[in-house]
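[1] Any chance you could fold what I've pasted below:
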Amino acid sequence: MPYGGDDWLAQTQEPTLEPDIPICDPHHHFWISRPEPIHYQRYLLPELSADVGSGHNVRSTVFIEVRCAYRQDGPEELKPVGEVEYIQTIADASAAGEQGPTMAAAAIIGHADLKLGEGVRPVLAAMQAASPDRFRGVRHSVGWDESPELANRDIKGALSTEGYRAGAKVLAGMGLILENSLYFHQLPELAAFARAVPNLTIVLNHIGGLLRVGPYANRDGEVLTDWQRGVEEVAQCPNIVMKLGGVGQLRYGYHWDDREIPIGSEELAETLGPLMDHCIQQFGPSRCMFESNFPVDKISYSYNVVFNAFKRLSKSYSASERAAMFHDTAARVYRIRV
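    Modelled structure (predicted):
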């Protein structure tokens with residue numbers, strides 16, 4: 001049965017907290033359709049605009065690759081360029097004022113196979129040509145686990161391969177960003193990789209890939225300790241920036257999607273607070289940014305609720321620290337002027 005749905009989410013209504021705080025949402029997707037059995041089969045500018053327009057002051061957003069609208073022919077390595085071409089048209093429509101004031105996809109992150117090494121350069125150049133004003137880098141996720149219950153995004157040990165590291169150096173030389181989504185037990189690998197490419201800005205997605213399902217279910221004491229240590233290790237690398245969010249995904253194991261009534265922001269903040277605080281304490285607010293991860297996380301809570309939760313759990317931080325996490329860090333990293 002499909003998860004969630006707007007009618008289900010509408011059962012939990014609450015006023016928007018601190019609606020004037022500027023937000024740059026650094027992580028969302030667009031897609032035309034998905035193979036997964038979810039209600040959000042189509043998520044394009046109208047759907048995003050309805051979510052970001054639910055009360056919070058979302059000034060701009062960052063699109064993160066999701067294998068949407070790839071080219072159907074031509075060289076295999078150039079097929080992902082089609083996604084950047086397509087998202088650029090959506091961003092142009094948003095900039096023209098369609099669907100509201102938020103500048104959607106003010107920055108665009110595509111996908112390229114860094115294992116191509118030097119061969120990734122023409123792929124990146126094609127993406128720059130497709131979006132000369134918004135393309136900021138690529139995501140090449142490397143999540144890998146031996147359990148068949150978890151999806152593998154690349155080969156085991158991809159971060160240590162000669163090709164991936166060579167491709168990363170090309171990325172850095174072109175002044176572009178690397179986004180990465182992986183699993184928490186791979187955080188030491190990411191730290192070693194970051195030290196090997198110190199001039200590359202690396203954006204770590206979803207609080208570092210905590211897992212609480214499959215072989216990691218019902219093992220919070222051990223799993224959370226290992227995750228905390230991994231976060232502490234990657235935080236020592238000054239070229240890594242952390243995204244705070246993504247916890248509504250099924251692999252985080254909170255099962256909010258199973259509820260008859262969707263979770264509200266007070267309870268959500270109570271659960272997320274210790275996780276987010278650990279990341280913030282290790283990285284500092286200037287290297288942290290709150291993300292929606294919509295519509296992936298939309299199976300668990302609404303846009304209004306998750307940003308209300310972020311505002312609740314960040315209350316103890318100063319105004320300047322909160323400004324960094326809600327807007328300024330993302331605007332700096334992705335070079336957004338909104």
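[2] looking at it, Leu78 is touching Arg71, isn't it?
    Yes: contact status for Leu78 versus Arg71: in contact at 6.6 Å, counting by CB atoms under 8 Å. In short, each C-beta sits where N, CA and C put it, glycine included.
[3] Return the distance of the helix ranked longest in the chain from the chain's centre.
    Counting residues, the longest helix found in the chain (DSSP state H) is helix 265-283. A distance of 17 Å separates the centroid of the chain from that of helix 265-283, by CA atoms, centre = their mean, to the nearest Å.
[4] what mean pLDDT would you report for it?
    Helix 265-283 carries an average pLDDT of 98.
[5] what sits up against that helix?
    14, 17, 207-208, 210, 228, 231-232, 235, 240-242, 244, 247, 254, 256, 288, 301, 305-306, 308-314, 317, 325 (CB atoms under 8 Å, 6 or more residues apart in numbering).
[6] Which ones among those residues map onto helices?
    Going by DSSP H, the helices hold Gln228, Val231, Glu232, Ala235, Val305, Val306, Asn308, Ala309, Phe310, Lys311, Arg312, Leu313 from the contacts of helix 265-283.
[7] mind exporting the longest helix of the chain as CSV, just the C-alpha atoms?
    Listed next in CSV are the C-alpha coordinates belonging to helix 265-283 (Å, rounded to 0.1, in the frame of the first residue of the first chain):
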residue,chain,number,x,y,z
SER,A,265,6.5,18.8,15.5
GLU,A,266,6.7,18.7,19.2
GLU,A,267,7.2,14.9,19.3
LEU,A,268,9.4,15.0,16.2
ALA,A,269,11.7,17.6,17.7
GLU,A,270,12.0,15.5,20.9
THR,A,271,13.2,12.5,18.8
LEU,A,272,15.4,14.4,16.4
GLY,A,273,16.9,16.8,19.0
PRO,A,274,19.7,14.5,20.4
LEU,A,275,20.7,13.4,16.8
MET,A,276,20.8,16.9,15.5
ASP,A,277,22.5,18.3,18.6
HIS,A,278,25.3,15.8,18.3
CYS,A,279,26.0,16.8,14.7
ILE,A,280,25.8,20.5,15.5
GLN,A,281,28.2,20.2,18.4
GLN,A,282,30.7,18.3,16.3
PHE,A,283,30.5,20.4,13.1
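[8] Tell me where this protein is predicted with low confidence.
    By pLDDT under 70, the low-scoring segments of the chain are 1-3.
[9] Strands of that one, residue ranges please.
    22-28, 57-64, 103-110, 135-139, 177-180, 202-204, 240-244, 288-290 (DSSP state E).
[10] Need those strands in JSON lines (columns: distance to Glu260 and mean neighbour count).
    Formatted as JSON lines, the strands of the chain follow (distance: least, CB to CB, whole Å; neighbours: other CB atoms under 10 Å):
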{"stretch": "strand 22-28", "distance to Glu260": "27", "mean neighbour count": "26"}
{"stretch": "strand 57-64", "distance to Glu260": "29", "mean neighbour count": "25"}
{"stretch": "strand 103-110", "distance to Glu260": "32", "mean neighbour count": "26"}
{"stretch": "strand 135-139", "distance to Glu260": "35", "mean neighbour count": "24"}
{"stretch": "strand 177-180", "distance to Glu260": "35", "mean neighbour count": "24"}
{"stretch": "strand 202-204", "distance to Glu260": "34", "mean neighbour count": "25"}
{"stretch": "strand 240-244", "distance to Glu260": "28", "mean neighbour count": "25"}
{"stretch": "strand 288-290", "distance to Glu260": "28", "mean neighbour count": "27"}
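[11] Reformat these as JSON lines; add distance to Leu224.
    Shown next, in JSON lines, are the strands of the chain (distance: least, CB to CB, whole Å):
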{"stretch": "strand 22-28", "distance to Leu224": "23"}
{"stretch": "strand 57-64", "distance to Leu224": "26"}
{"stretch": "strand 103-110", "distance to Leu224": "29"}
{"stretch": "strand 135-139", "distance to Leu224": "26"}
{"stretch": "strand 177-180", "distance to Leu224": "21"}
{"stretch": "strand 202-204", "distance to Leu224": "17"}
{"stretch": "strand 240-244", "distance to Leu224": "16"}
{"stretch": "strand 288-290", "distance to Leu224": "19"}
